[in-house]
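> Task: produce atomic coordinates for the following.
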Amino acid sequence: MHIIIHNLKPERVRVSVGTAAVLGLIHMRLSVAPTTAYMMSYTEGSCTANCSFCAQARGSSGSRDQLSRVEWPDFPLRDVVDGFSKPSAQVLQRVCLQVINYPRFLEDTLSLVATFKETRLPISVDTCPVGGAGLRRLRDAGVDRVSIPLDGATPQVFNRIKGPGVGGPYMWETHMAALREAVKIFGPGNVGSNLIVGLGETEREAAQLAQTLRDMGVITVLFAFTPLEGTRLSDAPQPPLDSYRRIQAARHLIDRGLATVGDMSFDEGGRITGYGQVDLTEALRDGAAFMTTGCPACNRPFYNERPSGPYYNYPRPLKPEEVEKEIKNMGVEQVD
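The predicted structure follows:
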């Protein structure tokens with residue numbers, strides 16, 4: 001594949017280090033290669049939002065080259081585009097643009113979409129609300145999937161970590177309305193929303209959001225909170241792995257229509273204690289519940305964990321013994 005594009009704008013784009021290695025932009029040994037090309041819009045300043053967990057936030061003193069625990073160096077867009085022609089890039093099955101909120105971000109995003117459309121790979125965009133007109137422009141430009149991240153499981157958590165509680169520009173109601181509009185434009189199952197586990201929600205609240213989103217036609221994309229230096233939450237811990245596993249299983253069962261949040265049982269603290277009559281061994285045997293969630297071909301290696309593990313989100317299929325271990329680690333009886 002040889003891509004010829006003139007007058008590339010913006011002139012630079014951030015690229016996750018794993019993607020940069022696959023595109024031949026850096027030399028790096030990968031234990032698991034990304035199957036999606038992860039890009040992030042580039043701006044000289046910070047994001048105008050102020051999310052407590054994000055190094056891109058305007059109030060963060062952390063590295064602007066970081067998103068979650070992954071480094072995102074910037075490169076000339078021309079070099080990035082040329083990288084798709086290299087044999088090593090054949091592993092890539094999708095392009096995903098992470099959009100930073102800054103003046104004219106939508107115009108820059110549309111320009112990047114036009115550029116990456118020449119790769120002939122499907123394109124996803126992760127963005128803050130842009131209104132119905134903006135969503136239609138993205139669809140008409142060639143984007144087949146969008147994600148509008150809630151991040152927080154409840155309005156209270158949302159407001160505290162990225163809304164009025166931190167002087168952020170976002171409102172829960174606006175995000176929910178944007179998700180409903182996105183489903184109308186892109187169709188059920190083609191819209192996602194991030195849920196970051198470990199921001200003070202209960203397991204019941206996380207499961208309830210997964211159910212609410214599924215009922216809307218939205219896919220829940222799970223992340224484990226990862227503390228980053230320079231952010232407001234730099235000293236907060238990651239969620240317990242067993243709790244994350246129980247939430248992963250809940251999301252998986254809900255999304256596959258195997259159980260509803262109403263089937264599940266919880267203790268007084270909101271911890272999941274059962275999933276109803278579902279056979280967990282059978283329902284979880286393929287290991288998909290514990291893998292990275294998102295668009296097709298999204299494996300997002302090591303966003304929340306070191307390559308040495310333990311994995312919050314497996315970036316590859318699990319071995320049978322790993323599935324057995326993770327089901328056991330959930331600490332939940334097979335049937336209520």
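> from here on, contacts and neighbour counts on C-alpha atoms
OK.
> quick one: least confident helix or strand in this protein?
Every helix and strand in the chain was compared by mean pLDDT, DSSP states H and E; the lowest is strand 66-67, with a mean of 86.
> Quick one: the helices in the protein, in order.
Taking DSSP state H as the test, the helices found in the chain are 17-22, 77-83, 105-116, 131-141, 155-161, 172-186, 203-216, 241-255, 280-283, 320-329.
> Which elements pack onto the fourth one?
Secondary structure elements in contact with helix 131-141, counted by 3 or more CA pairs under 8 Å, 6 or more residues apart in numbering; DSSP states H and E, are helix 105-116, helix 172-186.
> Of those helices, which is nearest A21?
helix 105-116 (17.7 Å; CA to CA).
> list the contacts for P296?
R94 (CA atoms under 8 Å, 6 or more residues apart in numbering).
> pretty sure A114 is touching R139, no?
No - between A114 and R139 there is no contact under CA atoms under 8 Å: 11.4 Å.
> what ranges of the stretch 51-200 of the chain fall below the confidence cut-off?
Along the stretch 51-200 of the chain, no part satisfies pLDDT under 70.
> Try it again at 80.
Within the stretch 51-200 of the chain, the segments meeting pLDDT under 80 span 62.
> Any idea which of the helices of the chain gets closest to G230?
For the helices of the chain, the distance to G230 is smallest for helix 155-161, at 14.9 Å, taking CA to CA.
> tell me which strands and helices the closest one is in contact with?
So helix 155-161, by 3+ CA pairs under 8 Å, 6+ apart, packs with helix 172-186.
> bridging residues for N194?
Beta-bridge partners recorded for N194 (DSSP bridges): V221.
> can I assume it is in contact with F225?
No - using CA under 8 Å, N194 is not in contact with F225, being 11.3 Å away.
> Distance from stretch 113-121 to the middle of the chain?
For stretch 113-121, the separation from the chain centroid amounts to 21 Å (computed by CA atoms, centre = their mean, to the nearest Å).
> Stretch 39-58 now?
Worked out by CA atoms, centre = their mean, stretch 39-58 lies 15 Å from the chain centre.
> Tell me the buried residues in that stretch?
Buried positions in stretch 39-58, judged by neighbour count with 16 or more other CA atoms under 10 Å: 39-43, 46-58.
> ok, R256 - how many residues close by?
Counted with other CA atoms under 10 Å, residues neighbouring R256 total 12.
> and the gap between it and D215?
Here R256 is placed at a distance of 12 Å from D215 (CA to CA, to the nearest Å).
> One more: A207?
Taking CA to CA, one finds A207 at 12 Å from D215.
> Also L258?
14 Å.
> Neighbour count for those two, which is higher?
L258 (16 against 13).
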